[in-house]
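Colleague: structure, please.
(one chain, ligands or ions: 1)
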Amino acid sequence: MGSGIAQVAAASGAEVILHDREQKFVDRGLSVIGKNLDRAVEKGRLSQEQRGHIVGRIRPSTTLANFDVDIAIEAATEHLETKLELFRRLDDETPPEAILASNTSSISITILGAATSRAERVIGMHFMNPVPVMKLVEIIRGIATSQPTYDFTKTLAEKLDKTPVEVRDFPGFVSNRVLMPMINEAIYALYESVGSVESIDTVMKLGMNHPMGPLQLADFIGLDTCLAIMEVLHDGFADTKYRPCPLLKQYVAAGWLGKKSGRGFYQY
Ligand code: CAA
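Modeller: Numbering: from 1, shown residues only. As a prediction, the model looks like this:
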């Protein structure tokens, strides 16, 4: 998702630093951006010149030292310790007035804020996948997030041609509190042999007009991410209605993580 965020930010005219731990991950992000932009050129929505300007505004980086930005948007793995470490580092390396935003799909913004010395400038900026296509950005206010931080982030989302929606910092926010139990329930329906993968997805696609069935969508999001989000809901609300399906746990244990690993509920 980081490359998608970098792409829409650069397309809006912003100067972007695309950071990852290793060059190969940065290269992968740049390659995805290049392919997306090529498709837009082929379809006549972008000129070669505009494509060049967008790419020219993205500076690749593998170091966070002296990270001179107005806002950093973190999009690391959905793993609390990883994000805490990154937020502490960003707190040390970015200018004190910079906003630190997280694209987390379920981790508490209040907890991330508390790991820094600037909780009032920490906020959730939750994009949807694929970022260049999906209009929503869920903006999550931690308990300490200030009004100027919220206003800046909302305006930025609009500049990126997205529709911001404000939500409060509760497990799963709104998007995944509603979406993930539906996906988990679809996995239970498979686990209990109520229907096959294809029949469950077809019911939801043709019956509810969803663009993708829930099992295909789970593969697309990543089954490890789905499990991490269900665990945040389960722990956060201490309610058994959010218990992750054992089949989801088994797939993740097997390394069947969906599209990114070549196998999930479907083969890729
Ligand atoms: N990156 C960039 N553009 C993409 C893309 C990608 N990965 N995938 C598709 N597109 C573009 C295509 O180029 C195409 O553009 P044009 O219309 O301009 O030609 C457009 O999207 C439609 O693509 P397709 O015709 O190939 O396929 P589609 O009609 O099936 O649409 C889809 C693809 C937009 C992904 C659609 O299937 C969809 O909306 N799926 C559901 C997506 C969804 O629910 N996302 C949220 C996931 S949850 C999340 O992200 C947050 C979380 O916390 C877990």
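
Colleague: give me the pLDDT for residue 106.
Modeller: pLDDT, residue 106: 89.

Colleague: phi first, then psi, for it.
Modeller: phi -160, psi -10 (degrees, to the nearest 10).

Colleague: and it, how many neighbours?
Modeller: 24 (other C-beta atoms under 10 Å). From N, CA and C alone the C-beta is placed, and that goes for glycine too.

Colleague: that one against residue 233, yeah?
Modeller: Yes. Look at residue 106 against residue 233 with C-beta atoms under 8 Å: they come within range, at 7.2 Å.

Colleague: common neighbours of these two, please.
Modeller: Common contacts of residue 106 and residue 233, defined by C-beta atoms under 8 Å, 6 or more residues apart in numbering, comprise 171-172, 176, 180.

Colleague: surely residue 191 is in contact with residue 246?
Modeller: Yes. With contacts counted by C-beta under 8 Å, residue 191 reaches residue 246, the gap being 6.7 Å.

Colleague: ok, residue 141 to residue 161 distance?
Modeller: Distance, residue 141 to residue 161, using C-beta to C-beta, to the nearest Å: 22 Å.

Colleague: between those two, point out the one with more neighbours.
Modeller: residue 141 (21 against 11).

Colleague: now the residue lying closest to that one once chain neighbours are set aside: which helix or strand?
Modeller: For residue 141, ignoring the flanking residues on the chain, the nearest one in space by C-beta to C-beta, 6 or more residues apart in numbering is residue 150 at 5.8 Å. For residue 150, the host element (DSSP states H and E) is helix 147-159.

Colleague: and that helix, what does it pack onto?
Modeller: The contact analysis (3 or more C-beta pairs under 8 Å, 6 or more residues apart in numbering; DSSP states H and E) places helix 147-159 against strand 71-74, strand 99-102, strand 122-127, strand 136-141, strand 163-168.

Colleague: of those strands, which is nearest the ligand?
Modeller: strand 122-127 (6.3 Å; C-beta to the nearest ligand atom).

Colleague: give me the residues contacting that closest one.
Modeller: By C-beta under 8 Å, 6+ apart, the residues outside strand 122-127 that reach it are 1, 4-5, 73, 75, 87, 99-105, 109, 112-113, 116, 134, 136-142, 144-145, 149-150, 153, 156-157, 162, 169, 173, 175.

Colleague: likewise stretch 235-253?
Modeller: Under C-beta under 8 Å, 6+ apart, the answer for stretch 235-253 is 108, 170-172, 181, 184, 187-188, 190-191, 218, 223-224, 226-227, 230-231, 233-234, 257, 264-265.

Colleague: ok, and what's touching stretch 129-142?
Modeller: 1, 4-5, 7-8, 36, 108-110, 112-113, 119, 122-128, 150, 153-154, 157, 160-169, 173-175, 220-221.

Colleague: repeat the analysis, applying 6 Å as the threshold.
Modeller: 1, 4-5, 7-8, 36, 109-110, 113, 122, 124-128, 150, 153, 157, 162-167, 169, 173, 175 (C-beta atoms under 6 Å, 6 or more residues apart in numbering).

Colleague: which of those count as buried?
Modeller: Burial by neighbour count, judged by 16 or more other C-beta atoms under 10 Å, picks out 1, 4-5, 7-8, 36, 109-110, 113, 122, 124-128, 150, 153, 157, 162, 164-165, 167, 169, 173, 175 from the contacts of stretch 129-142.

Colleague: if anything else comes up later, I'll come back, but that's it for now.
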